[in-house]
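Peer 1: how does the following fold in three dimensions:
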Amino acid sequence: MSDMNVTFWGVRGSIACPQPSHLRYGGNTSCVTVKCGDRLLILDAGTGLRELGQQLGKNPDKPLTMLLTHTHFDHIAGLPFFAPAYSAQTILNIYAGHLKPESSIADTLNRVMAPPFFPISPGTFRAQIAYHDFMAGDTLELGDGITVRTAPLNHPDRATGYRINYKGRSVCYITDTEHPSDGHDQNILGLIAGADLVIYDASYTDESYPRFQGWGHSTWQEGVRLCQLAGVKRLALFHHDPEHDDERLDAIAAEALELWQPTFVAREHEVIAL
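Peer 2: Next up is the predicted model:
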């Protein structure tokens, strides 16, 4: 395995889809890991986080870093079911860049994991958890040669895009963002320039997008356009619409491959070595 690799644990957007028609690509919501040497970075805490936690077990031997794009339910629903959070041996750092100055990630999770929405609070976790709030646009130095650049995304209630740099390789995680009606998002272009892999919000298609304008999501075609302009090496289409079953995603994969060959449709459990 290379020094840096990416694993998809949940690739679905909006709501989990545990049904036969969605099995090949997966029905869990957003969760991706990036392994940098022996450090594990977790991007979002959707329902895919539960299986990741089962794989890690209750006593992971290294500190974990969780980078949240935002706190809509589909991106945090897995956190209460993350087994390592209930072990006193776990060290977990949780980062969010969309809540300051009005709130904080600790306060937000305490509000969500509380009656009448949920029966237990984050206080039930036994892990050594540190909460970190920053402003989208900041650069995070995580140690061990890992640098994370960030940028604001265009999404209701705000969201953050991430670029993880490690040993000359880079992965960008750009999900839950809506592209401008004309031109391209300069924040995203600047963040993804020359990246080895971009994971991009492909909820819609150019044809379906007008029906959902203002909902805060983009299209797979815009992902291709951005990556071509920015000199990106590979593009992973992500955050699949619940209405896009396996057959529909097969068709999108074929169209995308024809338009720009370094494009693929992300599947659960897929591992990409960089």
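
Peer 1: once you drop chain neighbours, what's closest to residue 206?
Peer 2: residue 221 (4.6 Å; CB to CB, 6 or more residues apart in numbering). C-betas here are computed from N, CA, C, even on glycine.

Peer 1: next one: residue 164
Peer 2: residue 171 (4.9 Å).

Peer 1: what does the strand or helix carrying that neighbour rub up against?
Peer 2: Assigned by DSSP states H and E, residue 171 belongs to strand 169-174. Residues from elsewhere that reach strand 169-174 (CB atoms under 8 Å, 6 or more residues apart in numbering): 3-4, 6, 32, 34, 43-44, 67, 69, 153, 161-164, 188, 191-192, 194-201, 232, 274.

Peer 1: ok, now stretch 78-85?
Peer 2: Where contact means CB under 8 Å, 6+ apart, the residues beyond stretch 78-85 that reach it are 10, 28-29, 31, 45-50, 52-54, 56-60, 64, 90, 92, 109, 113, 118, 120, 125-127, 129.

Peer 1: ends of that stretch, what's the gap?
Peer 2: 11 Å (CA to CA, to the nearest Å).

Peer 1: going forward, the N-terminal residue is numbered 24.
Peer 2: Okay, using 24 as the starting number, the last item reads as stretch 101-108.

Peer 1: can you get me a residue count around residue 196?
Peer 2: When neighbours are counted by other CB atoms under 10 Å, residue 196 registers 28.

Peer 1: distance check, it against residue 57.
Peer 2: Using CB to CB, to the nearest Å, we find residue 196 at a distance of 8 Å from residue 57.

Peer 1: what touches both of these two?
Peer 2: Shared contacts of residue 196 and residue 57, defined by CB under 8 Å, 6+ apart, are found at 66, 187.

Peer 1: excluding covalently adjacent residues, which one is nearest to residue 32?
Peer 2: Spatial nearest neighbour of residue 32, chain neighbours left out: residue 71 (3.5 Å); criterion: CB to CB, 6+ apart.

Peer 1: same check on residue 68?
Peer 2: Nearest residue to residue 68, sequence neighbours excluded (CB to CB, 6+ apart): residue 102, at 4.4 Å.

Peer 1: that neighbour: neighbour count?
Peer 2: Residue 102 - counted by other CB under 10 Å - has 24 other residues nearby.

Peer 1: now do the one helix or strand residue 188 maps to: distance to the chain's middle.
Peer 2: Element membership for residue 188, per DSSP H and E: strand 182-189. Centroid separation for strand 182-189 versus its chain: 10 Å, with CA atoms, centre = their mean, to the nearest Å.

Peer 1: pairing partners for it, with directions?
Peer 2: Here strand 182-189 has these sheet partners by DSSP bridges: strand 169-176 (antiparallel), strand 192-197 (antiparallel).

Peer 1: what's the most buried one of these?
Peer 2: Highest mean neighbour count of the strands paired with strand 182-189: strand 192-197, a mean of 26 (counted as mean count of other CB atoms under 10 Å).
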